[in-house]
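> Sequence plus the predicted model coming up.
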Amino acid sequence: NVTKSVNILATETISKVFSINMTPSGETEENQYGTLTETGSCGDNAFYDFYEETGTLVIRGEGEMTNWHITSSVPWYNKCSKIKTVTVNNGITSIGGCSFWDCKNLTSITIPDSVTSIGDCAFYGCSRLTSVTIPDSVTSIGEEAFASCHSLTSVTIPNSVTYIGHCAFNYCISLAKIEIGNNVTRIRSDAFSSTKYFRNEENWENGVLYIGNYLISASSSILCDYSIKEGTKAIADAAFEYCDNLTSITIPDSVTSIGNHAFCNSDSLTSIEIPDSVTSIGEDAFYGCDGLASVIIGNSVTSIGDRAFSYCNSLTSITIPDSVTNIGNSAFASCDSLTNVTIGNSVTSIGNSVFNSCISLTSVTIPDSVTSIGESAFYGCYRLTSITIPDSVTSIGNSAFAVCNKLTSITIPDGITSIGNSVFNSCISLTNVTIGNSVTSIGNSAFSYCYSLTNVTIPNSVTSIGNEAFYHCYRLTCITIPDSVTSIG
């Protein structure tokens, strides 16, 4: 009796953990899916059951599935060709990357309302999948999530989705009907390329493809002036990339986001006015627009992406509105003609290389809101003659003002505790430096090749001076090193 009780208890425990219908003798029973063939883990609290007889894979449990990056790591990888139906039970919150990669015989998938994200390549190459219902709980669809689903004919993306990844539905060659909900803010490049919808010329309006209220792509041969349709919500990544003949663009005040690379390398574009409805400008949005001479940024933009206006060689001035809090890395790097910059009073950080190699920049006012200046932020601004660093700044990155050849004086405020490596390296006209009383370290090569520097007073707060900190300062005739300094490089 004791043995029998132990066996029954063990059976009940296994059944509870793995949701397997078992008899007291330990044999599996058939259920609606047939006889259980294999079971295992596919997440911290997620499990799978495979029924080979019917080709059914059931995902159950709670929380996220594992996000696989290598297809051979997926536990049912060797059974992909046998999977015909996938049922994801309520409680699972994500469909992991590569989960059903190349399940060529998969024809049906059930996704519950508990799922909020569909991972990269989740259903890549499911060539017999004819339909999919994405529940109104999903907020993001990953890169290539449904790419090369050749039999998929229609898809409705619900209002809950805000992000559609790169190539998400690429090469869905039968996909002719696409509906996108009202809340998408980001559509990555090639999300719908090579679909039947994309290839249908009737869907293109004057060389531009829209899906509902979203501008997806423009032909590279689009000519001269173009006005985006009223009601358009977002401009997809790379939508106008390499549109060499585009000279001007009118953006309606319905647009809220401009995607990465949206107008990248559109060399003939001469002016752009970003309306107040836009809140973000994506990475590389106007990168390499050589002819872009005038930019007006609307008063609702909060972030300017990395390299957003890099290599806009005709741009002469820019006003960053008070709404902007963050300027991305290299946002205006190598804008050769940029002479004047006004930074709004809400910017808290100037990213790495933001104005790197702006060789015509003569003046810039940094507002009191700024607390950090990134590495190489003003590197190579040859004509910058003066700059005031406000007391609010607490950190200055390496090489921030290096090779500013015409900079003559600099005051490092009391909020700065360290002068980084090469911060003022090769500032050959720098004659006067005032170092604040909170600086504790002067980095390697901080003032190297400052040929015109004649006098430096190092405050008592400094404890270390780095290697070659004043290397090749030929005219430096006097320097006072306080007793607080314990190491000299």
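Received, thanks. Residues are numbered from 1 along each chain as shown.

> H69: how many residues sit nearby?
Counted with other Cβ atoms under 10 Å, residues neighbouring H69 total 12. For every residue, glycine as well, the C-beta is placed using N, CA and C.

> Repeat that for I164.
Count around I164 with other Cβ under 10 Å applied: 25.

> can you give me the end-to-end distance of stretch 388-396?
Start-to-end span of stretch 388-396 (Cα to Cα, to the nearest Å) is 13 Å.

> whoops, I mixed them up, stretch 362-369
Stretch 362-369 end-to-end distance (Cα to Cα) = 21 Å.

> in it, what counts as buried?
Using 16 or more other Cβ atoms under 10 Å as the burial criterion, the residues of stretch 362-369 that qualify are T362, V364, I366, P367, S369.

> Name the nearest residue to the third one, ignoring sequence neighbours.
This means I366. Leaving aside its chain neighbours, I366 sits nearest to P390 (5.8 Å; criterion: Cβ to Cβ, 6 or more residues apart in numbering).

> which ones are touching the one you found?
By Cβ atoms under 8 Å, 6 or more residues apart in numbering, the contact set of P390 is I366, P367, D368, V370, P413.

> From N326, how far out is it?
According to Cβ to Cβ, to the nearest Å, P390 and N326 sit 17 Å apart.

> Look at N78 and give its secondary structure.
With DSSP: H, G, I helix; E, B strand; the rest coil as the basis, N78 sits in helix.

> what's the neighbour count on it?
When counting by other Cβ under 10 Å, one arrives at 9 neighbours for N78.

> from what I can see, E202 looks like it's in a helix, true?
Yes. Checked against three-state DSSP, E202 lies within a helix.

> For S217, see how far away A262 is.
11 Å.

> Can you say which helix or strand has the residue nearest to I366 in it?
Secondary structure from DSSP states H and E places P390 outside every helix and strand.

> who's in contact with I435?
Residues in contact with I435 (Cβ under 8 Å, 6+ apart) are I412, I419, I442, V456, T457, I458, P459, V462.

> make it 7 Å
I412, T457, I458, P459 (Cβ atoms under 7 Å, 6 or more residues apart in numbering).

> Which pLDDT value goes with it?
According to the prediction, I435 has pLDDT 93.

> Okay, and the beta partners of it?
For I435, the beta-bridge partners are I412 (DSSP bridges).

> now I304
Beta-bridge partners, per DSSP bridges, of I304: I281, I327.

> picking up where we left off before, could you check how far the residue nearest to I366 is from G344?
14 Å.

> Can you work out which residues contact both of those two?
Common contacts of P390 and G344 (Cβ under 7 Å, 6+ apart): P367.

> now the strands for the stretch 101-250 of the chain?
108-110, 117-118, 140-141, 154-157, 163-164, 177-180, 186-187, 204-205, 208-211, 214-218, 224-227, 234-235, 246-250 (DSSP state E, counting those that start in this stretch).

> Ignoring the adjacent residues along the chain, who's closest to E64?
Counting by Cβ to Cβ, 6+ apart, the residue nearest E64 is S94, at 4.3 Å.

> Now do the phi/psi pair for the one you found.
Torsion angles at S94 (phi, psi; degrees, to the nearest 10) stand at phi -150, psi 150.

> any low-confidence regions in this protein?
Residues of the chain that meet the criterion pLDDT under 70 lie in 1-30.

> And the residue nearest the centre of it?
Per Cα atoms, centre = their mean, the C-alpha nearest to the average position across the chain is that of E283, at 7.5 Å.
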